[in-house]
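Q: whatever this is, show me its structure:
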Amino acid sequence: MSDDVVVALDVGGTGIKCALVRPGGAVHHAERHPTLAARGPEAVTANILDIAAGLADRARADGLRPVAAGVAVPGVVDEETGTAVWSSNVGFRDVPLRDLVSARLGVPAALGHDVRVGGMAEARLGAGRDERHVLFIAIGTGIAAAHVVDGTAFGGAHGAAGEVGHVIVRPGGPLCGCGARGCLEAVASASAVGRRYVELSGIPEVTAFDVATRAAAGEELANSVWTEAVEAFADGLLTAQALYDAGIVVLGGGLAEAGEALLAPLRVALDARITFHRMPRIVRAALGDTAGCLGAALLALDSLGAPS
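A: Have a look, this model is predicted:
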C-alpha cells in the first residue's frame with residue numbers, strides 16, 4: 001500500500017544510520033544517532049530499540065504505517081534465528097535482536113549482517129543492478145565481502161561467509177586483529193594503509209585517503225605504500241574471484257573513496273594475475289554509506305514477501 005513503510009537501521013561501531021523506507025526503495029525520512037558502544041552491549045541494544053520505536057512513531061505521525069523493521073549489525077550474524085552472535089565493535093554476544101525489535105514495535109523484523117545487506121542494496125539498487133552475480137567488498141577499518149546472486153546475499157553455514165579480509169596474502173606479514181599474520185585486511189584495509197605510511201614516515205595521523213592523495217601528487221613513499229596495498233588487494237581478489245566467479249566487483253567503504261586511484265591500478269594488477277578465470281568488472285559502490293540502511297530495508301521487505 002502507498003502508506004506502508006519499513007523501519008531500517010544500520011548499526012555501526014560509532015553511529016547508527018536510520019530511515020523510513022517505502023517498498024519501492026524511496027527514503028521517506030532519514031536520521032543518524034550515536035551507537036553508544038562505550039556503554040556496553042545492553043545499552044546499545046536499548047538504544048537500538050528506542051531509535052526503532054521513535055522511527056515507527058515518526059511514521060505514524062506522518063500518516064504512514066510501519067509494516068516491518070530491518071536491522072543490520074556488524075560481526076557474526078545468524079539471519080535464520082535473528083541473533084547477533086558476536087561483534088567486536090559493539091560487544092554483542094548472542095543477542096536475539098530480531099525478536100527484541102519485533103516485540104518492541106509490534107511488527108515483523110529481520111536481522112542482517114551490515115556488509116551483506118549493503119551488498120544486497122548495491123546489487124539491487126546500486127552499482128551492481130545490471131548483474132546477477134555481484135561481489136560487494138567493503139574496505140574500511142577491516143575488509144569484508146558479500147556474495148550476492150539474483151539479489152540475495154549468502155551468509156554461509158555459520159553466518160560468517162565473505163570474510164575475504166582474512167585470506168592470508170602475505171604469510172608471516174603484519175599481525176591481524178584476528179590473531180593471524182598477513183591477512184588481507186592487515187595489509188590493504190584503509191587502517192592498514194594509513195598505519196603503514198605512519199610507520200615508515202614518522203608523520204602522525206595520516207589516513208589512507210591522504211596516502212592516495214600524496215601518491216597521486218607523485219610522492220615516492222606514498223606511491224610505494226599505495227602500490228603495496230593494491231598488489232596485496234589484487235592477490236586477495238584473485239582468490240575471491242576463483243571462489244565466487246563474480247560478474248562485477250563493487251568496492252565500497254572508506255578506501256573506495258579514492259575512486260580511480262584505486263580502481264585503475266587494481267584492474268591492471270588483477271588482469272595480470274588472472275589465468276583461466278574471467279575478469280570481472282571492478283567499479284566503485286554507488287550508494288555510499290546509505291547502502292547498509294537501504295539493505296536493512298530490503299531485508300525487512302523480503303521477510304514480508306514484498307517486491308523490492
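
Q: from here on, contacts and neighbour counts on C-alpha atoms
A: Fine.

Q: pLDDT weak spots in the stretch 51-200 of the chain?
A: Along the stretch 51-200 of the chain, the model assigns pLDDT under 70 to no residue.

Q: can you give me the strands in the chain?
A: Assigned by DSSP state E, the strands in the chain fall at 4-11, 15-21, 27-34, 65-73, 76-78, 83-86, 93-95, 109-113, 133-139, 143-149, 152-153, 248-252, 281-284.

Q: chain center to the fifth one: distance?
A: What that stands for is strand 76-78. Offset of strand 76-78 from its chain centre (C-alpha atoms, centre = their mean, to the nearest Å): 14 Å.

Q: what strands flank that strand, and is each parallel or antiparallel?
A: strand 83-86 (antiparallel) (DSSP bridges).

Q: cool, the first one as well?
A: When pairing is defined by DSSP bridges, strand 4-11 lines up against strand 15-21 (antiparallel), strand 65-73 (parallel).

Q: what's the angle between the last one and strand 109-113?
A: Right, strand 65-73. Strand 65-73 and strand 109-113 are oriented at 20 degrees to each other (axes from the mean of the first three to the mean of the last three C-alpha atoms, to 10 degrees).

Q: what's Ile51 in contact with, if anything?
A: Ile51 makes contact with no residue under the criterion C-alpha atoms under 8 Å, 6 or more residues apart in numbering.

Q: actually, Thr81.
A: Taking C-alpha under 8 Å, 6+ apart, we find Thr81 in contact with Pro96, Arg98.

Q: roughly how far does it sit from Pro108?
A: The gap separating Thr81 from Pro108 is 13 Å, by C-alpha to C-alpha, to the nearest Å.

Q: related to what we said a few turns ago, and the strands paired with strand 4-11 as CSV, adding mean neighbour count?
A: CSV is the format used below for the strands paired with strand 4-11 (neighbours: other C-alpha atoms under 10 Å):
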stretch, mean neighbour count
strand 15-21, 24
strand 65-73, 27
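
Q: and these as TSV, adding distance to Ala264?
A: Compiled in TSV, these are given as follows (distance: least, C-alpha to C-alpha, whole Å):
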stretch	distance to Ala264
strand 15-21	31
strand 65-73	31
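
Q: just give me the longest helix of this protein.
A: helix 220-244 (DSSP state H).

Q: what helices and strands are in contact with that helix?
A: helix 184-188, helix 190-201, helix 208-216, helix 260-273 (3 or more C-alpha pairs under 8 Å, 6 or more residues apart in numbering; DSSP states H and E).

Q: pick the most buried one from the ones you listed.
A: Across the helices and strands packed on helix 220-244, averaging neighbours per residue (mean count of other C-alpha atoms under 10 Å) puts helix 184-188 on top, at a mean of 31.

Q: coming back round to it: reformat the helices and strands packed on helix 220-244 as TSV; add distance to Met279.
A: Formatted as TSV, these follow (distance: least, C-alpha to C-alpha, whole Å):
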stretch	distance to Met279
helix 184-188	20
helix 190-201	24
helix 208-216	25
helix 260-273	7
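
Q: out of the ones you listed, nearest to Ala146?
A: For the helices and strands packed on helix 220-244, proximity to Ala146 was assessed by C-alpha to C-alpha; helix 184-188 is nearest, at 15.4 Å.

Q: check contacts around the nearest residue to Tyr244 once chain neighbours are set aside.
A: Distances taken as C-alpha to C-alpha, 6 or more residues apart in numbering place His147 nearest to Tyr244, at 7.2 Å, with adjacent residues excluded. Applying C-alpha under 8 Å, 6+ apart, we find His147 in contact with Arg116, Gly119, His133, Val134, Leu135, Phe136, Ala153, Phe154, Gly162, Tyr244.

Q: picking up where we left off before, for the record, mean pLDDT for the longest helix of the chain?
A: For helix 220-244, mean pLDDT rounds to 97.

Q: what's in contact with it?
A: So helix 220-244 is contacted by 135, 147, 164-165, 167-170, 184, 187-189, 193, 196-197, 201, 211-212, 214-216, 262, 265-266, 269-270, 273-274, 277 (C-alpha under 8 Å, 6+ apart).

Q: again, only this time at 7 Å
A: Contacting residues not belonging to helix 220-244 are listed as 167, 169, 184, 187-188, 193, 197, 211-212, 214-215, 266, 269-270, 274, 277 [C-alpha atoms under 7 Å, 6 or more residues apart in numbering].
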